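Asks: Requesting a structural model of the entry that follows:
(one chain, ligands or ions: 2)
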Amino acid sequence: MGETVIGVIGGSGVYDIDGLENPTWQTITTPWGEPSDQVLSGVLDGVKMVFLPRHGRGHTLSPSTVPYRANIDALKRVGVTDLISVSACGSFREEMAPGDFVVIDQFIDRTFARDKSFFGTGCVAHVSVAHPTCPRLGKACHEAAQTAGINVHQGGTYLAMEGPQFSTLAESKMYREVWGADVIGMTNMPEAKLAREAELCYASVAMITDYDSWHPDHGEVDVMDIIRTLTGNAQKARTLVSQLPGLLGRTREPCPHGCDRALEYAILTQAPHRDPELVAKLDAVAGRVLNG
Ligand SMILES: CSC[C@H]1O[C@H](OP(=O)(O)O)[C@H](O)[C@@H]1O
Ligand SMILES: Nc1ncnc2[nH]cnc12
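Replies: Ligands and ions are numbered 1, 2, ... in the order given. This is a model prediction of the structure:
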């Protein structure tokens, strides 16, 4: 049994969280560069919580320049065990309306201009992302959203696009009709893959802001409309987060789905052939298996 430390990555519109006891903004140094911002640490209902605004306070980082590896390393380094990502998304489903939340369970990764792994030459690892989110944590997010009175959908496929421009109409229709995606955003990849490599339980909550461009009655995405919906969504997200300590508890058992042991058999490079510099950089992410 270990201590629960809840991590929250706040997407567009979510630059802080409410109600933390002893809130402190702290600078975390990582071997992967600077995280998006300082992290806000504190205690909520007796459970440690750490918050990181994905685009930085003031929203200075674009989806392609968010330092995903530094962010995940920093959260792992400060002890996060259970990581919840909240993100503004477009919807491909009539019933997933602006203002609704969707607990994501699958991804289609269309991003191409980002570092996608902590591993590489000198320390090669292959983790499974067949089930890229933690079902236990996803269930807690669903319950938290219901308790918070949010119209929430359990399960959905998130298409991660590179951006920063929104999709063309042809892309929007293809993602929806041919590929079967439910929501679209620009940031959950490689975040989810990196969280798995760092052996973190990861759940993603999509906050729907718009119908992308496919919907005949809604026309194209308008950032002013998104921002209007985002403000209400951000408050709902903070209410959802405030329910999580009660649902997750102060202590945790090993993840029943194995998220916290994802690297157990994943590293292929034999010990004498590992690059000591890369191994040193992996201290937080993979120290459990490399130095254990
Ligand atoms: C607000 S418009 C597009 C912007 O919002 C989403 O950000 P996040 O996923 O961090 O909430 C989307 O991915 C784009 O970055
Ligand atoms: N339609 C959309 N496409 C990509 N990212 C988004 N974030 C919010 N709405 C979006």
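Asks: State which one residue of the protein is found closest to ligand 1.
Replies: Closest contact between the chain and ligand 1, by CB to the nearest ligand atom, is at Gly11 (2.2 Å). For every residue, glycine as well, the C-beta is placed using N, CA and C.
Asks: Which phi and psi values does that residue adopt?
Replies: Dihedral angles of Gly11 (phi, psi; degrees, to the nearest 10) stand at phi -90, psi -160.
Asks: Identify the residues contacting it.
Replies: Going by CB atoms under 8 Å, 6 or more residues apart in numbering, Gly11 touches Arg54, His55, Ser85, Val86, Ser87, Ala88, Gly185, Thr187, Met207.
Asks: ok, what's across the strand from the fourth one?
Replies: Spelled out, it's Val86. Using DSSP bridges, the beta-bridge partners of Val86 come out as Gly10, Val205.
Asks: Touching the helix or strand that contains Lys173 from outside, list them.
Replies: Under the criterion of DSSP states H and E, Lys173 resides in helix 169-173. With CB under 8 Å, 6+ apart as the test, helix 169-173 has contacts from Phe92, Met161, Ile184, Asp212, Ser213, Trp214, Glu220.
Asks: So which residues make contact with stretch 125-144?
Replies: By CB under 8 Å, 6+ apart, the list of residues contacting stretch 125-144 reads 82-84, 103-107, 117-119, 152, 154, 192-193, 196-197, 201-205, 240-241, 243-244, 247-248, 255-257, 259, 262-263, 266-269, 286.
Asks: Can you tell me which of the residues you listed are buried?
Replies: 82-84, 103-107, 118-119, 152, 192-193, 196-197, 201-205, 240-241, 243-244, 247-248, 255, 257, 259, 262-263, 266-267, 269, 286 (16 or more other CB atoms under 10 Å).
Asks: returning to what we had before: out of the contacts of Gly11, which two sit at the greatest distance?
Replies: Greatest spatial distance in these: His55 and Met207, 14.3 Å, computed using CB to CB.
Asks: just wondering, since we're on Met224, how far is it from Ile72?
Replies: 32 Å (CB to CB, to the nearest Å).
Asks: Between these two, which is the more surrounded one?
Replies: Taking other CB atoms under 10 Å, Met224 and Ile72 do not tie; Ile72 has more neighbours (32 against 6).
Asks: for that one, helix, strand, or coil?
Replies: Secondary structure assignment for Ile72 (DSSP: H, G, I helix; E, B strand; the rest coil): helix.
Asks: Just confirm it contacts Lys193, I think it does.
Replies: No: the pair Ile72 and Lys193 fails to qualify as a contact (CB atoms under 8 Å) at a distance of 9.4 Å.
Asks: Now go through the buried ones among the contacts of stretch 125-144 and say which are in helices.
Replies: Members of the buried ones among the contacts of stretch 125-144 lying in helices (criterion: DSSP state H): Ala192, Lys193, Arg196, Glu197, Leu240, Val241, Gln243, Leu244, Leu247, Leu248, Ala286.
Asks: ok, the second one - contacts?
Replies: Shown in contact with Lys193 (CB under 8 Å, 6+ apart): Asp109, Lys116, Ser117, Val127, Val129, Pro132.
Asks: Now the residue in the chain positioned nearest to ligand 2: which helix or strand?
Replies: Using CB to the nearest ligand atom, the closest approach of the chain to ligand 2 is made by Gly90 at 2.4 Å. Taking DSSP H and E as the definition, one finds Gly90 inside strand 82-91.
Asks: Over to Val50?
Replies: strand 47-53.
Asks: Buried residues, that strand. List them.
Replies: Those would be Val47, Lys48, Met49, Val50, Phe51, Leu52, Pro53, for strand 47-53 by 16+ other CB under 10 Å.
Asks: how about the residues of the chain near ligand 2?
Replies: 88-90, 161, 166, 184-186, 209-210, 212, 221, 226 (CB under 6 Å from any ligand atom).
Asks: Please enumerate the strands of the protein.
Replies: 2-3, 5-10, 21-26, 39-44, 47-53, 82-91, 101-104, 106-109, 152-154, 157-160, 183-185, 201-210, 251-252 (DSSP state E).
Asks: Tell me which strands the last one pairs with, and in which orientation.
Replies: Strands adjacent to strand 251-252 in the sheet, as given by DSSP bridges, are strand 2-3 (antiparallel).
Asks: how distant is the strand it pairs with from the center of its chain?
Replies: 21 Å (CA atoms, centre = their mean, to the nearest Å).
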